[in-house]
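Participant: Give the three-dimensional model of this entry:
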Amino acid sequence: MKQFFRILYEGAAQAWQQLVANKLRSFLSLLGVTIGIFCIIGVKSAVNSLEDNIRGSMAKLGNDVIYIEKFSWGEDPGQNFWKWMRRPNFTFHEFETLKDELKLADQVGFWQFLGAKTAKWHSSSVENCYFLGITEDCRDLFHLEFQGEGRFLSPVEYQTGTDVCILGYVIADGLFGAGVDPTGKEINVGGRKLRVLGVTTKSGKDLLKPFNFDNCILIGYNLARRGFGVRATGDFNRTSISVKAKPGVDLEALKDEITGVLRGERRLRPREESNFALNTLSVISGLFDKLFGTMNIAGLFIGGFALLVGMFSVANIMFVSVRERTNIIGIKMALGAKRWFILLEILIEAVVLCIFGGILGLLLIWGVTAGISAAIDFDIHLSMSNAFWGVLVSVLVGVFSGLIPASQASRMDPVEAIRK
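Facilitator: Just a heads-up that it's a prediction; the model follows:
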């Protein structure tokens, strides 16, 4: 063990001497390793950051929720768009039927887009506010969170269609500004006054925002039918139904139950195609798996060429180093140094040189990602696992680039080597 550490120390010392004695040559030779690590680990860090952001957003959809839509998330919209558009909207009666008959469902929510309207408060106004009529279970299905003392509709307010609403962050800021608490205030929408129950928290930095209510005003569905002219058939605007499974229930079983109830409600014959789609998070997750896998392969392919160049550059350094120290190697072998000792010493020197290049690449990635994160307000980070892979790749490059020079040095004849 002592001998191994001695070899390790001598190899590292010789690598450091190479760097110090021939700064420009060493820098140019290691530049390929630095660029290769930057390409491979930089792309991997960017892809991982993007993946973490998107998957974190998707997690808000819920792994146990089925979204009943006219459109299928897993099919090509270009080929089926008009077929999907011809499908009927979901009705409130269908929602009530599902809520009553589904045995495997924990929560069933229904929402309807009511169009864009102008909201006013005193002299302030915000145009194009998106109005949504929602049912009671939508609070949990949409993961609604409120600022300050804000709250969701009470059962009485929902059932009676009370004139109350919930504002999105952007709309509340546009109407009231930063210094006024909107809770309890009344806004005017088309001559109708609505009391504000609360303001939803601001949408985060997620690239994919499945539930972004910043520009929305949420009202109870009974109020939408009573005060906004929405018909109970649900044919006025886009509608959707979400179903959350009971704990421990298999989603495929719940899908089968939903399909049976909804096909029966729509009186579809056995051979007729279902005119609705049941979407789950796994559909989107599978699509993103392919995308992120392709991006990682692209980064590996691009960085591989740079590493190949770096490998030849480091091999060239090691050939020069072996040639310059031929007589020293001969003396070591004459004094009893084993061939594996010389081989390992040269290999360690090559590995240490490549680790220097890899660390430079990782430092470059860290600086670039920090700058991009600050510039575009999106978190791109170099994780410890990616840093580990960067160092590991550097070690492998060092082993492959130093293998031939080390083998050549270990096979020298001591007498011939001392004479040179």
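
Participant: Domain-wise, how is this structure divided?
Facilitator: Using automatic domain parsing, the domain parsing of the chain gives 2-57+286-419, 65-279.

Participant: lowest-confidence stretch among those domains?
Facilitator: If these are sorted by mean pLDDT, domain 2-57+286-419 sits at the bottom with a mean of 74.

Participant: Asp64: neighbour count?
Facilitator: Neighbours of Asp64 under the rule other C-beta atoms under 10 Å: 18. For the C-beta atoms, the positions are set from N, CA and C on the backbone; glycine is no exception.

Participant: follow-up on the earlier one: got CSV for the domains of the chain, with mean neighbour count too?
Facilitator: Formatted as CSV, those follow (neighbours: other C-beta atoms under 10 Å):
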stretch, mean neighbour count
domain 2-57+286-419, 18
domain 65-279, 17
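
Participant: ok, Ala245 - contacts?
Facilitator: With contacts defined as C-beta atoms under 8 Å, 6 or more residues apart in numbering, Ala245 is in contact with 64-66, 104-106, 251, 254.

Participant: Please convert those residues to CSV, extending it with distance to Ser383 and secondary structure.
Facilitator: Compiled in CSV, the contacts of Ala245 are given as follows (distance: C-beta to C-beta, whole Å; DSSP: H, G, I helix; E, B strand; the rest coil):
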residue, distance to Ser383, secondary structure
Asp64, 29, coil
Val65, 29, strand
Ile66, 33, strand
Leu104, 39, coil
Ala105, 39, strand
Asp106, 36, strand
Leu251, 31, helix
Leu254, 36, helix
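
Participant: Return the member of those residues nearest to Ala119.
Facilitator: Checking the contacts of Ala245 against Ala119 by C-beta to C-beta gives Val65 as the nearest, at 29.8 Å.

Participant: Do you have the strands of the stretch 51-200 of the chain handy? List them.
Facilitator: For the stretch 51-200 of the chain, applying DSSP state E, counting those that start in this stretch gives strands covering 65-69, 105-121, 124-134, 164-167, 186-189, 192-199.

Participant: Are we agreed that Phe341 is in a strand?
Facilitator: No - Phe341 is assigned helix when assessed by DSSP: H, G, I helix; E, B strand; the rest coil, not a strand.

Participant: quick one: it and Glu149, what's the gap?
Facilitator: Applying C-beta to C-beta, to the nearest Å, the value for Phe341 to Glu149 is 75 Å.

Participant: same deal with Pro182?
Facilitator: Distance from Pro182 to Glu149, by C-beta to C-beta: 10 Å.

Participant: Likewise for Glu101?
Facilitator: Counting by C-beta to C-beta - Glu101 and Glu149 are separated by 38 Å.

Participant: got it, and Glu272?
Facilitator: Going from Glu272 to Glu149 by C-beta to C-beta gives 51 Å.

Participant: show me where the chain has helices.
Facilitator: Secondary structure of the chain (DSSP state H): helices at 2-21, 23-59, 77-85, 92-101, 138-141, 155-160, 169-176, 221-227, 251-265, 281-324, 326-334, 339-376, 384-410, 414-419.

Participant: Ok, which of those comes nearest Glu186?
Facilitator: Taking C-beta to C-beta, helix 169-176 is the member of the helices of the chain nearest to Glu186, at 11.0 Å.

Participant: Remind me what the closest one packs against, helices and strands.
Facilitator: strand 105-121, strand 124-134, strand 192-199 (3 or more C-beta pairs under 8 Å, 6 or more residues apart in numbering; DSSP states H and E).

Participant: any chance of those strands in TSV, plus distance to Tyr158?
Facilitator: Shown next, in TSV, are the helices and strands packed on helix 169-176 (distance: least, C-beta to C-beta, whole Å):
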stretch	distance to Tyr158
strand 105-121	12
strand 124-134	9
strand 192-199	11
